[in-house]
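Student: just to be clear, the model below is a prediction. Sequence and coordinates:
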Amino acid sequence: MNVHPLPPSALKGEGMTSQRARDRLATKLKEEGIRDQRVIDVIRNLPRHHFIDQALHSRAYENTALPIGHGQTISQPWVVARMTEALLEFGMPQKVLEVGTGSGYQAVVLASLVPQVFTVERIEELLRQARRRFRQLGLTNIRSRHDDGKLGWPDEAPFDAIILTAAGDAIPTQLLDQLSPTGVLVAPVGSPSHQTLIRMRGDGQGDFIQEELGAVSFVPLLGGIG
């Protein structure tokens, strides 16, 4: 199947998807505590409306989560920014694993900053759409896989950083095993009614330093494939 790159007009947007709308979002992220200018600049320049249904384009640059079908959402931009800067705070990871590709938005944010992104999605149709977006945006540093995200990507381990875009009661042991000894993992953990964003950092000796980064709300982390 031929996938044509997005024309400049699609990347630029107009009206509610214009650069002015993106600039307002970037300003809001900074006002709400996002400090990493690299992350803010990526989100300012990325066409978020390209990752959602056209009927929702007018809301693309609101700081809110939006539905993408199959019971999934594209995360709130602030949450994407916070998780990304949390991964980058202690140095630039060379190799990042994302569990839960979804629309592909978080993967593209990461791929705009780090050398290699590996992303796993359990819902085949979502992954198919995300792959098309990656190609249209000309990104060649994202590798994707249709699989149970709880299993990670053991053939490519270890990873310098791992990010989960869905919430479970605990971090799957298989994922922690795929983190490098000094790697960083960022994930929402908890029940649907009470979730906390946590960051786990390897101390190089086989143990982890865990921090709580605030309350969040994510779809559940499910196993299997669909």
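Tutor: In hand now; what should we look at?
Student: for the rest of this, base every contact and every neighbour count on C-alpha atoms.
Tutor: Will do.
Student: which stretches of the protein form helices?
Tutor: 8-12, 19-31, 37-45, 77-88, 105-111, 124-136, 173-177 (DSSP state H).
Student: elements contacting the second one?
Tutor: It stands for helix 19-31. Applying 3 or more CA pairs under 8 Å, 6 or more residues apart in numbering; DSSP states H and E, we find helix 19-31 packed against helix 37-45, helix 77-88.
Student: show me how far it is from its chain's centre.
Tutor: In terms of CA atoms, centre = their mean, to the nearest Å, the centre of helix 19-31 is set 19 Å apart from its chain centre.
Student: what do you get for the fourth one?
Tutor: In terms of CA atoms, centre = their mean, the gap separating the centre of helix 77-88 from the centre of its chain is 8 Å.
Student: what's the answer for the last one, then?
Tutor: In terms of CA atoms, centre = their mean, the centre of helix 173-177 is set 19 Å apart from its chain centre.
Student: and the contacts of that helix?
Tutor: Identification of contacts with helix 173-177 by CA atoms under 8 Å, 6 or more residues apart in numbering yields 150-152, 162.
Student: can we see that at 6 Å?
Tutor: Helix 173-177 is contacted by residues 151-152 when judged by CA atoms under 6 Å, 6 or more residues apart in numbering.
Student: buried residues in that helix?
Tutor: For helix 173-177, the buried set under the neighbour-count rule, 16 or more other CA atoms under 10 Å, comprises 175-176.
Student: quick one: mean pLDDT for it?
Tutor: Per-residue pLDDT values across helix 173-177 average out to 94.
Student: can you show me the CA trace of it as CSV?
Tutor: Presented in CSV, the C-alpha positions along helix 173-177 are these (Å, rounded to 0.1, in the frame of the first residue of the first chain):
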residue,chain,number,x,y,z
THR,A,173,7.6,-7.9,36.1
GLN,A,174,8.4,-8.7,32.5
LEU,A,175,8.7,-5.0,31.8
LEU,A,176,11.0,-4.3,34.8
ASP,A,177,13.2,-7.2,33.6
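Student: most neighbours per residue, which of the helices and strands packed on helix 19-31?
Tutor: helix 77-88 (a mean of 22; mean count of other CA atoms under 10 Å).
Student: how about the helices of the chain in JSON lines, adding distance to residue 183?
Tutor: Below are the helices of the chain laid out as JSON lines (distance: least, CA to CA, whole Å):
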{"stretch": "helix 8-12", "distance to residue 183": "34"}
{"stretch": "helix 19-31", "distance to residue 183": "26"}
{"stretch": "helix 37-45", "distance to residue 183": "19"}
{"stretch": "helix 77-88", "distance to residue 183": "9"}
{"stretch": "helix 105-111", "distance to residue 183": "16"}
{"stretch": "helix 124-136", "distance to residue 183": "26"}
{"stretch": "helix 173-177", "distance to residue 183": "9"}
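Student: start to end distance for stretch 161-172?
Tutor: Using CA to CA, to the nearest Å, one end of stretch 161-172 lies 15 Å from the other.
Student: residue 109: which of the helices and strands packed on helix 19-31 is closest?
Tutor: Distance to residue 109, taken as CA to CA, is lowest for helix 37-45 among those, at 6.5 Å.
Student: just checking, what packs against that closest one?
Tutor: Identification of packing neighbours for helix 37-45 by 3 or more CA pairs under 6 Å, 6 or more residues apart in numbering; DSSP states H and E yields helix 19-31.
Student: okay, and for the protein, where does confidence drop off?
Tutor: Along the chain, segments meeting pLDDT under 70 span 1-15.
Student: which residues are in contact with the residue nearest to residue 185 when sequence neighbours are not counted?
Tutor: Of all residues not flanking residue 185 in the chain, residue 162 sits nearest, at 4.6 Å (CA to CA, 6 or more residues apart in numbering). Taking CA under 6 Å, 6+ apart, we find residue 162 in contact with 96-98, 185.
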